[in-house]
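S.K.: the sequence and its predicted three-dimensional model are supplied below.
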Amino acid sequence: MQPNVYEANCPSRQLLDRIGDTWSVLVVVTLAEGIHRYTELAKRIEGVSPKMLTQTLRGLERDGLITRTVHPVVPPRVDYALTELGHSLYALVEGLEKWAETHIEDVQAARAAYDATVQAYSAK
């Protein structure tokens, strides 16, 4: 059976869900800079709750996109890094990151114009 993201039960759709998630994208982009500890990731990615960060890291690890290395020291130290597969994903995600930062003003202007149109239409 060929993977087909348009089929509801295709595993490739689950992968799209993972890599299309905001937190996953931000973790991948951050780890492309190098190895990070959990606390470093939490500081860098503003707004992510501890629960969501933990779930995101576990999902990315399960999918083979990151590694989790526990060092036998006290207190425990855990490092996260991109795998080769994760780096190949970053090559794609980097373009999304740059596009979002480059075009946010255009999108905000389009939103404002749309909202003004909707508001004017609703007032009639």
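M.R.: Structure received.
S.K.: tell me the contacts of the residue nearest to the spatial centre of the chain?
M.R.: Most central in the chain under CA atoms, centre = their mean is V25, positioned 1.8 Å from the mean C-alpha point. Contacts here follow CB atoms under 8 Å, 6 or more residues apart in numbering; on that basis V25 touches 19, 93, 96-97. C-beta coordinates here come from the backbone N, C-alpha and C atoms, glycine included.
S.K.: would you convert those residues into TSV that also reports secondary structure?
M.R.: Shown next, in TSV, are the contacts of V25 (DSSP: H, G, I helix; E, B strand; the rest coil):
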residue	secondary structure
I19	helix
V93	helix
L96	helix
E97	helix
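S.K.: burial count for V93?
M.R.: 19 (other CB atoms under 10 Å).
S.K.: wait, isn't it in contact with D21?
M.R.: No. Using CB atoms under 8 Å, V93 is not in contact with D21; the gap is 11.2 Å.
S.K.: tell me which two in the contacts of V25 are the farthest apart.
M.R.: I19 and E97 (12.8 Å; CB to CB).
S.K.: give the other helices and strands that the host helix or strand of R68 contacts.
M.R.: Under the criterion of DSSP states H and E, R68 resides in strand 66-71. Under the contact definition 3 or more CB pairs under 8 Å, 6 or more residues apart in numbering; DSSP states H and E, strand 66-71 sits against helix 22-31, helix 50-62, strand 77-82.
S.K.: and if we set it to 6 Å?
M.R.: For strand 66-71, the packing partners by 3 or more CB pairs under 6 Å, 6 or more residues apart in numbering; DSSP states H and E come out as strand 77-82.
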